[in-house]
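K.L.:
Fold the following and give me the result.
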Amino acid sequence: MSFFSNQFTIKKTKPRKYVSRSPLKLPADEMARELGPQYGDIDVRIADKKIAFDREDGDWNTEGAESLGGGASSASAQKLGKQVTILQEENNMLKLKVDVLLNLVAESIAELSSTQK
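P.N.:
Predicted coordinates for the structure are as follows:
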């Protein structure tokens, strides 16, 4: 037993094994050989629409998008559009009534002020 030996020397560790995170548990070169560089088409569902990514153009293709909700979404959109127009007409009518009432109040105040002088 030596009193002068260094207790704090760093021991060399073995190199770590590469661990794949793929669910297929294949090595990278074998996965590339099996699957190839091209993977499946990219499609996304947003609300009730399905759109696909066009690899040649590099942007999203909505022309071939299929509606997942069917005709229900267009019918509900038409119903909402009708409700919007009805509410806008009602709002315009109420604004007109307020203007008429303000004019009546202004006339009555003008008549009162003219009669008091």
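K.L.:
what residues does the helix or strand hosting residue 45 touch?
P.N.:
Using DSSP states H and E, residue 45 maps to strand 43-46. Residues from elsewhere that reach strand 43-46 (CB atoms under 8 Å, 6 or more residues apart in numbering): 50-53, 60, 68. (Each C-beta comes from the backbone N, C-alpha and C, glycine too.)
K.L.:
which neighbours does that strand have in its sheet, and in what orientation?
P.N.:
Taking DSSP bridges as the criterion, strand 43-46 pairs within the sheet with strand 49-54 (antiparallel).
K.L.:
in the partner strand, what counts as buried?
P.N.:
Buried positions in strand 49-54, judged by neighbour count with 16 or more other CB atoms under 10 Å: 51-52.
K.L.:
ok, residue 92 to residue 105 distance?
P.N.:
Distance, residue 92 to residue 105, using CB to CB, to the nearest Å: 21 Å.
K.L.:
repeat for residue 43
P.N.:
Applying CB to CB, the value for residue 43 to residue 105 is 62 Å.
K.L.:
out of these two, which sits in the busier spot?
P.N.:
Taking neighbours as other CB atoms under 10 Å, residue 43 and residue 105 compare with residue 43 leading, 14 against 10.
K.L.:
So in terms of bridging, what pairs with the more buried one?
P.N.:
The bridge-partner assignment for residue 43, based on DSSP bridges, gives residue 52.
K.L.:
Alright, that wraps it up for me.
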